[in-house]
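Asker: Sharing a sequence plus its predicted fold:
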Amino acid sequence: MASSASAPRGLGKAILLGEHSVVYGHEAIAGAIEMGVECRAEPAEGNRLVIPAWDIDLREDEDHKVAKAFAALLSASGCNEPQIFHCETDLPAAAGLGSSAALCVALARCLAPTLDTDGVQELASVGEMQFHDTPSGIDVALSATGGIGSYSKADGLKLVDCPPLPIVIGLSGVERSTAAMVAGVASRMSESSTKACISTLGNLAILGHAALCEGDMASLGELMNESHRCLGKLGVSTRELDAMVRASHLAGALGAKLTGAGGGGAMIALAPGNEEKVAARLSQLGYTSIITTLGAQQ
Ligand code: PMV
């Protein structure tokens with residue numbers, strides 16, 4: 001999203017490695033993307049949130065999860081002046097690209113313009129908790145900070161000093177709920193195969209961190225492929241995501257995997273020099289594809 005003069009914004013993100021395992025304390029690797037949410041507020045008679053791209057126009061007391069997040073943010077910010085919040089976004093909702101966190105960060109910045117980045121994360125997390133019961137915090141951290149790096153619940157976001165990483169995003173067009181996908185994995189955590197998948201996903205992210213720092217795209221791609229297979233075993237991939245991953249490989253991607261919670265949503269492909277070919281192949285199959293970079297700056 002082209003950043004307009006001074007509209008407070010939150011960025012979207014894509015997870016390179018470590019979704020789901022990050023919820024259990026493992027490290028994940030992810031980057032902010034240029035797509036995001038921009039928010040402007042003006043005085044009004046009552047609080048209202050308008051997001052035309054997501055077909056949202058609501059007050060904070062409505063029975064809607066976005067209204068609940070909006071209400072939680074209004075209350076936590078201590079802002080007592082009624083306002084109408086206009087949000088513009090090029091992020092698809094519920095697609096695994098951090099749309100709820102981007103909204104919460106943009107609203108937090110609008111409600112409390114003097115907060116520093118840590119303060120924005122803290123306030124935005126209050127809203128994000130209304131969307132996802134147990135968010136790891138990775139989405140809000142990247143949305144507020146930008147860049148590319150490793151994240152764990154214990155250590156927060158540690159940026160990696162590397163050039164922005166070109167990726168292709170493929171959208172399955174299937175909306176899903178992160179909270180439901182995370183709850184599904186949690187319900188299977190007593191099974192040894194689920195525990196093994198979570199620990200493998202965490203280990204792949206650690207290896208990916210090293211590959212990213214070394215600029216070793218071939219290894220990074222292979223780790224993404226392994227991660228996608230593991231996410232499939234975890235039960236969070238879908239026919240559409242698998243089809244896009246296969247198509248990306250055929251078009252020359254070094255690595256491809258679902259990104260985010262799965263169950264629909266998006267996949268990413270790492271295809272240095274072959275981005276256009278991968279995007280064209282995904283489009284031919286009827287999926288929306290986006291060529292972008294991980295590492296967008298706030
Ligand atoms: O699908 P998204 O963009 O909400 O990403 C979710 C990532 C998870 O690891 C599955 C959940 C989390 O809170 O980290």
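Answerer: Okay, I see it. Numbering: from 1, shown residues only.

Asker: Show me what residue of the chain gets nearest to the ligand.
Answerer: Evaluated by C-beta to the nearest ligand atom, the chain has G260 as its residue closest to the ligand, separated by 2.8 Å. From N, CA and C alone the C-beta is placed, and that goes for glycine too.

Asker: wait, doesn't that residue sit right on V182?
Answerer: No. At 10.5 Å, G260 and V182 do not qualify as touching, with contact defined as C-beta atoms under 8 Å.

Asker: Which one of these two is surrounded by more residues?
Answerer: G260 (27 against 20; other C-beta atoms under 10 Å).

Asker: Not counting sequence-adjacent ones, nearest residue to the more buried one?
Answerer: Among residues not flanking G260 along the chain, G96 sits closest, at 2.3 Å (C-beta to C-beta, 6 or more residues apart in numbering).

Asker: residues contacting L157?
Answerer: Shown in contact with L157 (C-beta atoms under 8 Å, 6 or more residues apart in numbering): 138, 141-142, 145, 147, 149-151.

Asker: Ranking by neighbours, what's the top pick from those residues?
Answerer: Neighbour counts for the contacts of L157 peak at L142, which has 34 neighbours (criterion: other C-beta under 10 Å).

Asker: tell me the SS of the residue of the chain positioned farthest from its centre?
Answerer: Note on the chain: the largest C-alpha distance from the chain mean falls to E45, namely 33.5 Å (C-alpha atoms, centre = their mean). Counting by DSSP: H, G, I helix; E, B strand; the rest coil, the backbone at E45 sits in coil.

Asker: follow-up on the earlier one: tabulate the contacts of L157 (a markdown table), appending secondary structure and pLDDT.
Answerer: Formatted as a markdown table, the contacts of L157 follow (DSSP: H, G, I helix; E, B strand; the rest coil; pLDDT from 0 to 100):
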| residue | secondary structure | pLDDT |
| --- | --- | --- |
| I138 | helix | 95 |
| A141 | helix | 97 |
| L142 | helix | 97 |
| T145 | helix | 97 |
| G147 | coil | 97 |
| G149 | strand | 96 |
| S150 | strand | 97 |
| Y151 | strand | 98 |
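
Asker: can you narrow the residues you listed to ones near the ligand?
Answerer: The residues of the contacts of L157 that also fall near the ligand, by C-beta under 6 Å from any ligand atom, are I138.

Asker: What is the nearest of the contacts of L157 to A102?
Answerer: L142 (9.3 Å; C-beta to C-beta).
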